[in-house]
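Visitor: this one's structure only:
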């Protein structure tokens, strides 16, 4: 699930416009150049309603075209950048832009259907390409060939309120590292009273199933088998996830009485100073501050807690990037790779222009997107530190702790819907039977997977 807040929920805004605009988007060998220039269409320009982002994007096009006078960028604005209602139809109809936005979870399907160009011969020209995290590069790689470039990535951790930690006698510099420690901390925070919730979780609108998946990864488990054919929720790891939640909810009373919560509920609670902890990606932090009067000084994020075997823990990995129209000419592909490098993969330019971001009063210094290792990571981190306007110490542990990442499962939304029922049952029914819930969910997921083959 993904909307830069970890969800794949999307609106229908401009969906019709995307289809109509698509008819004029794709270039062919005959119209790929104009006036001696290589022309490429690129989607995901910020909409006019996002005035600052739109202006920055237009500035970047002007800078890039000045540096590359032989390239002409034709941008297409859209919100959301990729709408599942139109994405497959545009691809199948050959109406996709030359450089098109894609969620990590859609990459494998696009490659399988042979609907993206092989860009392997161009990636060595991308400065710092070898420093991009291997787990991210692997998403766009199949059979030794590369079919796209990342734009952002995210991984989930534990967002927590430093002020509540201090009031509860906990050390905010030493957040919980295991689920047992999360439970103990939640109990102390809830004991502060006055409606304070120690730990909260999702259990509605597929978000409960999404968080169950993240918590399964933290326990060292998965929700489907490696071949994507069988459910793997009815396991010791699945029982550990649900038993921990059940114990916090009913034995410790540390999760509050209101359940069937979604992301906005938790962000609002965190902004109001009434929630101690919840799982999320770092991009929740500016949402809590902007929309719910939270404070960067009070907010922090820690690595994903570990479970039954802390050494086997993983975190849910997600993000997005760009792929290239299989009908694009070699010159268009080369130009598109240059543009994505400038806009997303070079410290100090495009989306990584931290001086401009700070000037526009956007948060600088948050731990993600975190695409690189090595010298490129050092260069980007140095610029972030120079222009940081948020308390980077609050995120250092998350930034410096390497936790392996796993992508969402196949048929994610359908599986999340199944697991929503399990999460809501455990959090609303004191007598919920965990073994029965997992057995039933496993059978339902097996049927889902069988029907998709």
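Guide: Noted; the coordinates are in hand. Here the structure is a predicted model, which means the values were calculated and not measured.

Visitor: all contacts plus neighbour counts: C-alpha atoms, from now on.
Guide: Noted.

Visitor: check the offset of the host helix or strand of residue 287 from the chain's centre.
Guide: Assigned by DSSP states H and E, residue 287 falls within helix 284-292. On the basis of Cα atoms, centre = their mean, to the nearest Å, helix 284-292 sits 16 Å off its chain's mean C-alpha point.

Visitor: what does that helix contact?
Guide: With contact meaning Cα atoms under 8 Å, 6 or more residues apart in numbering, helix 284-292 is reached by 5, 267, 268, 270, 271, 272, 294, 295, 296, 299, 363.

Visitor: domains for this structure, by residue range?
Guide: Split into domains by automatic domain parsing, the chain comes to 15-155+318-396, 157-315+404-451.

Visitor: if you average pLDDT over each of those, which is lowest?
Guide: Sorting those by mean pLDDT places domain 15-155+318-396 lowest, at a mean of 89.

Visitor: pull the distance from that domain to the chain's centre.
Guide: Using Cα atoms, centre = their mean, the offset of domain 15-155+318-396 from its chain centre is 15 Å.

Visitor: so can I have a markdown table of the contacts of helix 284-292 showing secondary structure and distance to residue 255?
Guide: As requested, these are exported to a markdown table (DSSP: H, G, I helix; E, B strand; the rest coil; distance: Cα to Cα, whole Å):
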| residue | secondary structure | distance to residue 255 |
| --- | --- | --- |
| 5 | coil | 22 |
| 267 | helix | 15 |
| 268 | helix | 15 |
| 270 | helix | 13 |
| 271 | helix | 17 |
| 272 | coil | 16 |
| 294 | coil | 20 |
| 295 | coil | 22 |
| 296 | coil | 23 |
| 299 | strand | 19 |
| 363 | coil | 30 |
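
Visitor: which of the residues you listed tops the neighbour count?
Guide: Most neighbours among the contacts of helix 284-292, by other Cα atoms under 10 Å: residue 270, with 29 neighbours.

Visitor: so that residue sits right up against residue 163, yeah?
Guide: No: between residue 270 and residue 163 there is no contact under Cα atoms under 8 Å: 11.1 Å.

Visitor: the spatially closest residue to residue 221 that is not a sequence neighbour is in what secondary structure piece?
Guide: The shortest distance from residue 221 to any non-neighbouring residue, by Cα to Cα, 6 or more residues apart in numbering, is to residue 237 (5.6 Å). Using DSSP H and E, residue 237 maps to helix 236-246.

Visitor: can you pull the buried residues of the helix or strand residue 109 falls within?
Guide: Residue 109 belongs to helix 104-112 when elements are defined using DSSP H and E. Residues 104, 105, 107, 110, 111 are the ones in helix 104-112 that count as buried (16 or more other Cα atoms under 10 Å).

Visitor: contacts only, for residue 438.
Guide: Contacts of residue 438 by Cα under 8 Å, 6+ apart are 233, 234, 238, 239, 422.

Visitor: change it to 6 Å
Guide: By Cα atoms under 6 Å, 6 or more residues apart in numbering, the residues touching residue 438 are residue 234.

Visitor: and the helices in the stretch 251-400 of the chain?
Guide: Assigned by DSSP state H, counting those that start in this stretch, the helices in the stretch 251-400 of the chain fall at 263-271, 284-292, 330-344, 354-359, 374-387, 396-400.
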